[in-house]
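K.L.:
Predicted model and sequence below, questions to follow.
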Amino acid sequence: MAYLLMFVTLVHLITLAMLFIATMEKAVQVLMVLSVVFSSISFLVFLGQLFTKSKGGLFYFTGLCQVFAGLTAFAAVLIYTLHNRDILQDSRELTLGHFGYCYILAWTCIPLLLISGLMYIHLRKKE
């Protein structure tokens with residue numbers, strides 16, 4: 001169980017760093033920043049719950065915040081994917097088919113956020 005706790009914490013920190021890197025344009029930025037906020041709240045609440053929860057307690061709120069972070073990141077990347085011609089004004093980038101590393105990081109981060117949210121919901125505190 002300790003390995004699961006370390007793995008969840010590591011995945012959480014990795015997705016948080018990836019979200020900071022993957023911020024894009026205007027409306028998409030708002031959703032990505034909201035995702036970062038949800039993920040940060042989730043991590044801070046998780047650290048607080050480690051010290052205050054009784055044995056056998058579940059981390060529902062932490063997992064819910066993490067799932068919301070994944071859903072807001074998904075909405076942001078989906079908007080960017082569907083409206084890339086409106087967001088990217090330079091037509092050279094559109095003809096080359098190049099989105100950049102931020103786009104790949106954002107799509108990679110979504111399943112990590114959702115999986116870690118489900119892991120937080122399943123995780124029980126042991127002493």
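P.N.:
Thanks, I have the structure now.
K.L.:
where does this structure dip in pLDDT?
P.N.:
Scanning the chain for pLDDT under 70 picks out 1-2, 17, 19-26, 84-98, 125-127.
K.L.:
And the strands in it?
P.N.:
Per DSSP state E, the chain has no strands. Nothing in it meets that criterion.
K.L.:
Which stretches in it count as helices?
P.N.:
In the chain, the helices defined using DSSP state H lie at 2-21, 26-52, 60-82, 84-87, 91-96, 101-122.
K.L.:
List of residues touching the first one?
P.N.:
Read it as helix 2-21. Helix 2-21 has contacts (Cβ atoms under 8 Å, 6 or more residues apart in numbering) with 32, 35-36, 39-40, 42-43, 46, 66, 69, 73, 101-102, 105-106, 108-109, 112-113, 115-116, 119-120, 123. Yep, even glycine has a C-beta here, placed from its N, CA and C like the rest.
K.L.:
Drop anything exposed from the residues you listed.
P.N.:
The neighbour-count criterion (16 or more other Cβ atoms under 10 Å) marks 32, 35-36, 39-40, 42-43, 46, 66, 69, 73, 102, 105-106, 109, 112-113, 115-116, 119-120, 123 among those as buried.
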